[in-house]
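using only what follows, build the 3D model:
(chains A and B)
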Amino acid sequence: MTLALECGDLKGAQRHLDRLRPVTAKMTGGSEDVRAAVLDVLLRFARGEDTDVRAALARLREIDSKSDLAWALTFIAAIELQRGDAGAARRDAEDAIAAADVVGRGSEAALARAILASLSSPQDARQIIAPSLEPETRVNLSERARKRVLEFTREESHG
Amino acid sequence: MANLVVEQTFENPLTSDELTAMAKRVDPCLEAHGAKWVRSYISSDRKRVVCKFEAPDAEKVRESYRSAGVTFDRVWTADIFSRENPTASY
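Residues are numbered from 1 along each chain as shown, chains lettered A, B, ... in the order given. I've put the predicted structure just below:
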């Protein structure tokens, strides 16, 4: 489902969610139901519906799932950036990096850094994305994160 | 690293062999997820277990238990409270 959301396939994400929710509702003690509920909120947010993403993020903080938190914050920040809300995008991208760094999620950190870099001057941007371009980090990035970082470096070199 | 607590309950009393087998299944998963077992307490009737871990976050411990196929009731992140210094940050 996260892949569908990342690709902007909102109908596909809804189909996955419809199958996921009945299963997670039966699971107790773990984090599955909260994580599915958060994905539901993020899907609505992506659709432009009025939904409380802050409450959803608070639930992820409550269950202490920093990988999910980093992914959700990066997803939200990217949408906020598209919608022209630079302040919110910056805040959420910074929080995403902090969460991603704790659990070693280099790809989420790289995507969040790319968002921050796009909101910064070229000189600051180079410093912001530099940690994701370190060879030992770069080699472990997802294809999506690697492309985003490399796209950004190309943008910078032409900027 | 955060302090994590795992709670488990069992319908039947656990034998020492079952406890050891469970630990052997979970240990490599913990290591793979960057988590470390600290200590465990088992109730006198051997139907309840509470374990303390150190890990980057609670989900790493949940993932370890799921990967090992070991059930749990809940996993939560804990602060350590000390009577000597109750406002200290740990």
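
what's the local residue count around residue A:29?
Under the neighbour criterion other CB atoms under 10 Å in any protein chain shown, residue A:29 is assigned a count of 17. Backbone N, C-alpha and C define where each C-beta goes, glycine included.

would you confirm that it contacts residue B:70?
No: with contact taken as CB atoms under 8 Å, residue A:29 and residue B:70 are classed as non-touching, separated by 11.9 Å.

phi, psi of residue A:143?
phi -60, psi -40 (degrees, to the nearest 10).

show me the contacts for residue A:140.
Contacts were defined as CB atoms under 8 Å, 6 or more residues apart in numbering or on different chains; by that measure residue A:140 touches A:106-107.

isn't there a helix covering it?
No: when DSSP: H, G, I helix; E, B strand; the rest coil is applied, residue A:140 is found to be coil, with no helix at that position.

convert the strand or helix carrying residue B:52 to CSV, retaining C-alpha atoms only.
When elements are assigned from DSSP states H and E, residue B:52 belongs to strand B:48-55. What follows is the C-alpha trace of strand B:48-55 in CSV, where atoms were taken according to Å, rounded to 0.1, in the frame of the first residue of the first chain:
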residue,chain,number,x,y,z
ARG,B,48,3.4,-14.3,32.5
VAL,B,49,6.7,-12.9,31.2
VAL,B,50,8.0,-9.3,31.1
CYS,B,51,11.2,-8.6,29.2
LYS,B,52,13.3,-5.5,29.0
PHE,B,53,15.2,-4.6,25.9
GLU,B,54,17.3,-1.7,24.5
ALA,B,55,16.4,-0.8,21.0
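
if you count neighbours, what's buried in it?
In terms of neighbour count (16 or more other CB atoms under 10 Å in any protein chain shown), strand B:48-55 has its buried residues at B:49, B:51-53, B:55.

ok, stretch A:133-149 next?
Counting neighbours by 16+ other CB under 10 Å, one finds that the buried residues in stretch A:133-149 are A:133, A:137-138, A:141, A:145-146, A:148-149.

of the residues you listed, closest to chain B?
Ranking those by separation from chain B, with CB to the nearest CB as the measure, puts residue A:137 on top at 16.4 Å.

what's the pLDDT at the closest one?
The predicted local confidence for residue A:137 comes out at a pLDDT of 87.

what do you get for residue B:41?
Predicted confidence (pLDDT) for residue B:41: 95.

could you find the closest non-adjacent residue to it?
The shortest distance from residue B:41 to any non-neighbouring residue, by CB to CB, 6 or more residues apart in numbering or on different chains, is to residue B:50 (4.8 Å).

flag every residue of chain B that's near chain A.
By CB under 8 Å from any CB of the partner chain, the part of chain B that sits against chain A consists of B:2, B:34, B:56-60, B:62, B:66, B:71-77.

make it 6 Å
Within reach of chain A by CB under 6 Å from any CB of the partner chain, chain B has these residues: B:56-59, B:62, B:72-74, B:77.
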